Structure formats: structure tokens, C-alpha cells
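**Student:** based on what follows, work out the 3D shape:
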Amino acid sequence: MKIPFSPPYIDQDIINEVVDTMKSGWITTGPKVKAFEDEISRFTDVDNTLCVNSWTSGAILVLKWFGVKKGDEVIVPAYTYCATALAVIRCGATPVMVDVKEDFTIDIDKIEASITERTKVIIPVDIAGLPCHYKELNDLVNNKKIKSKFSPDSENQHKLGRILLLADAAHSFGANYEKLRTGKLTDITVFSFHAVKNVTTAEGGAISLNLPAPFQNAEEYRVLRLWTLNGQTKDAFTKSQGGGNSWQYDIVFPGLKINMPDLCAAMGLAQIRKYSGQILPERIRVGERYQAFFNNKPWAQLPILKDDQRTSSYHLYPLKIRNISEGQRNEIINEIADKGVSVNVHFIPMPMLTLFKDLGYKMEDYPVSYDIYSREISLPIYPELKDDQVDFICKVVEESYERVIGNETNI
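**Tutor:** Below you'll find the model as predicted:
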């Protein structure tokens, strides 16, 4: 039996929506993107959502909008995909890495100890789809002592008057924290709709705006939308509608070119319409079947999929193996692969990567991140997996563990 790790969810409804877009004669940013934005806003219960061409682009755009620049600091977890920090670097600022907790979420005590007068943004990351501890994070940025350290430079920084809380929800579309969905938990949230995500547009992302007064989210949506189109006051769809002066436009910001096309939005539009009723429940089915099996294995450390405050989006199933080394973990993965099951590791901590090592980050400063990484194996979790396939994966993981660890025990 061959089981891939994370194939994209494509059914006839998605194909029909994409074909409809192709037949419409309009494939770049237009009505399908706007419809998808509206669906995301309804799903997350936010006023405004802006679609972009990737999570990374969306994060860069938000940081630039907030005025993040050289000399500024942005706090990020050491345990995340590199894009979280690369977005900061692209703005000329410095990523300040802090360690995570055993549940993969950023350590708030470590954040507080790292805040300086140069800190402009904190980016918590919902690894595997489990929301961070957002009540504590919001309390932190609104704490009088922390606010007194904030040194605003830009108009939007003065307007907010504190550190911006920007959620990296690349994994957590559909997750909940205290009955609120991700998108509604911080000032701004950026989602990813990459090919492996719960909802995909092949490539893409979205910015959900939840800014407090005196910001008007509709106005900030309008400004950010211009930024995605080189700062141009009219998009191509508006210009195409005809009329005497429809061709006229202005450039009012030094913008980027990061808009999502309708052809991509069509995929997401078809998926989000069946996400709550079909796609997410099937991911939950797979995750809970894993939990039931591995709960009886003393060597298995189960991920948190839900607790009193949080419910995961079941994007990943990050199983940790107790009392093993990184090398043993790698041997177990090789055994699993030999039996036809594709697994993964999420993630290689950033201080282990050449770019960040060269910038001076040291892995020994983030012991929890390394420990999690060294023992983690991400198992396949997606709607198309049948129960017998999940059972096969469980059996393969158990046999692979016993083969590697049992052999070493018997030497």
C-alpha cells in the first residue's frame, strides 16, 4: 500500500469552479477573488479579508504597512517554517527568536523577556493547526508596562500605540480558541492556502483584519488592496469594464505585486463552501483515529488536538516519540518510508538552517524547539484517507518503532 503525505483535495466541484472561471474570460483578480474574500470573512467572523498570492507576501505587506524597517525587531518562535522570519528580514528588520512550549506554541514568558523599545510586532505561529495561547498574548501586548516600552515611528504605529499582534495562521484555518475562530484572535491574521493546506488555492494566502478602533478595517482593506497591485488605484477588472475614463489610474503607494488571481480563488471558493460540513470533519476523523491507536502506546507522545480552550484545525498530526534521539527518529522515518508510507517532519528549527546560523542564531539557545524537532514525525492526515489506510499507517509506525528501538535494545 502506497500512501502519499498530503495530496491536494480536488473534486468535481472544484474542477467545475475552475472551468467556470476559465470560460468566463477573466482569470486574474476579479469577482472570484472578491467572493472568496467574502467567504473567508464570514467563516472567520471578521469584517474584511484581503487575498494575496502567498502567506509570505501577506506577512511582508502587513509589516510594511505597519512601518517595520531596519533597526526594528519582530519576535518570532524559533520553531516554525522559515517564511515567518524571512518576511521580517525582507523588511530590513531583525527577527528575535524565542523558544516554544511542549505544545509547539510560542513561550509567552520568553516573549516578555525579549521585548525591547525596538520591538514592533510579535508573530505567534499556530503550528500543526493548534492555536497559541491568545488570551495571554493579547494581555501581554496591552499590559501598561509593555506598552510603555513601545516606541512608535510610523503613523500606524502611533495609531495602535502598542506592539502589533500578527498571527501566523498558515496551519490553522478553521481552528478555534475560546469559541472564536482564527482570524478573530489578534489584530491581523495571515492564512496560507498553499497546495498542502486544509483549504488550497494552489498558491495563495489571505489577510484577515481585526484591528481595534480608531482603525477602520474597511479603509485599511482598501489601502492594503492598493498595495497588492503596485499601489495602482484601479485594478485590471475595473479598468476592463469600459467607459470614457476607465483606462485612467494613478500610483499612490510604492506597492507590491502580490494579488491573487481568480483562477486560484476558484479552487478556494469551491473548497471553503464545503469545509465545515465535509473537509474539516474528515480531517478530524483521521486525527481522532490516530489518537485512539497511539493513546495505548507508552512510547508515543500524542499531539494536543483539543483542550478546554482550543480546537485544532487538524492540519498536521505531529506525533512525538518518547526517549529517542534525532538519529533514531530518522531511522524510524526510513523504515516507515520503506513500507510505502510518506511522512514528514515539521519543522527543522530555524537556528539549524544555514542562513540563520550564519546570522548568529544558535540552536542551543532553544532547547525545547530542538527536543520537539528531534522526536517529531508528521503523519498523513487528509480527507481522502480511508480508515483501513489510517490503520495501516498506525501499524507501520508501530512496527518501524519496534524495529529500530527493539534492535538497539537487543544489541
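**Student:** can you list the weak-confidence ranges in the protein?
**Tutor:** Residues of the chain meeting the criterion pLDDT under 70: 234, 236-247, 407-411.
**Student:** quick check, central residue of it?
**Tutor:** Nearest to the geometric centre of the chain sits residue 170, at 1.3 Å (C-alpha atoms, centre = their mean).
**Student:** contact partners for it?
**Tutor:** Residue 170 sits next to 55, 81, 83, 125-126, 190-192, 194, 197, 205 when contact means C-beta atoms under 8 Å, 6 or more residues apart in numbering. The C-beta positions use only the backbone N, C-alpha and C, and glycine is treated the same way.
**Student:** looking at those, which are in strands?
**Tutor:** 190-192, 205 (DSSP state E).
**Student:** for residue 215, grab the count of nearby residues.
**Tutor:** The tally of other residues near residue 215 (other C-beta atoms under 10 Å) stands at 15.
**Student:** equivalent analysis for residue 213, please.
**Tutor:** Residues lying near residue 213 (other C-beta under 10 Å) number 7.
**Student:** how much space between residue 170 and residue 147?
**Tutor:** 28 Å (C-beta to C-beta, to the nearest Å).
**Student:** pretty sure residue 156 sits against residue 64.
**Tutor:** No. The pair residue 156 / residue 64 is not scored as a contact, 10.3 Å apart, by C-beta atoms under 8 Å.
**Student:** anything in contact with each of those two?
**Tutor:** What both residue 156 and residue 64 touch, as defined by C-beta under 8 Å, 6+ apart, is an empty set.
**Student:** these two - which one has more neighbours?
**Tutor:** Neighbour totals were compared for residue 156 and residue 64, and residue 64 leads with 21 against 16 (other C-beta under 10 Å).
**Student:** which other helices and strands does the longest helix anywhere in the chain contact?
**Tutor:** Longest helix in the chain, counting residues (DSSP state H): helix 387-410. Helices and strands touching helix 387-410, as assessed by 3 or more C-beta pairs under 8 Å, 6 or more residues apart in numbering; DSSP states H and E, comprise helix 280-294, helix 326-338, strand 376-379.
**Student:** so for the longest one, what gets flagged as buried?
**Tutor:** Within helix 280-294, the residues that count as buried by 16 or more other C-beta atoms under 10 Å are 280, 282-284, 286-287, 289-291, 293-294.
**Student:** just confirm residue 121 is within a strand.
**Tutor:** Yes. Under DSSP: H, G, I helix; E, B strand; the rest coil, residue 121 sits within a strand.
**Student:** pretty sure residue 3 is touching residue 342, no?
**Tutor:** Yes. In this structure, residue 3 is within contact of residue 342 by C-beta under 8 Å, at 6.4 Å.
**Student:** any common contacting residues for those two?
**Tutor:** With C-beta under 8 Å, 6+ apart, residue 3 and residue 342 have common neighbours residue 380.
**Student:** what are the ranges of the helices in the stretch 151-300 of the chain?
**Tutor:** Remark: helices assigned in the stretch 151-300 of the chain by DSSP state H, counting those that start in this stretch are 155-160, 217-227, 236-239, 262-272, 280-294.
**Student:** make CSV out of those helices and add distance to residue 19.
**Tutor:** Output for those, formatted as CSV (distance: least, C-beta to C-beta, whole Å):
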stretch, distance to residue 19
helix 155-160, 41
helix 217-227, 27
helix 236-239, 19
helix 262-272, 9
helix 280-294, 24
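**Student:** follow-up on the earlier one: biggest separation within the ones in strands among the contacts of residue 170, which pair?
**Tutor:** Spanning the widest gap among those are 190 and 192, at 7.5 Å by C-beta to C-beta.
**Student:** so what sits against both of those two?
**Tutor:** Contact with both residue 190 and residue 192 is made by residues 55, 169-170, 205, according to C-beta under 8 Å, 6+ apart.
**Student:** ok, what's across the strand from the nearest residue to residue 294 once chain neighbours are set aside?
**Tutor:** Among residues not flanking residue 294 along the chain, residue 300 sits closest, at 4.0 Å (C-beta to C-beta, 6 or more residues apart in numbering). Judged by DSSP bridges, the bridge partners of residue 300 are residue 321.
**Student:** contacts only, for residue 157.
**Tutor:** Residue 157 is in contact with 66-67, 120, 150, 164, counting by C-beta under 8 Å, 6+ apart.
**Student:** from these, pick the one nearest residue 130.
**Tutor:** residue 164 (22.1 Å).
**Student:** does residue 123 touch residue 84 like I think?
**Tutor:** Yes. Counting by C-beta under 8 Å, residue 123 touches residue 84, with 5.8 Å between them.
**Student:** mind listing the shared neighbours of the two?
**Tutor:** Common contacts of residue 123 and residue 84 (C-beta under 8 Å, 6+ apart): 59, 76, 168.
**Student:** wait, what's in contact with the spatially closest residue to the first one that is not a sequence neighbour?
**Tutor:** What that stands for is residue 59. Leaving aside its chain neighbours, residue 59 sits nearest to residue 87 (3.8 Å; criterion: C-beta to C-beta, 6+ apart). Contacts for residue 87 (C-beta under 8 Å, 6+ apart) come out as 56, 59-60, 63.
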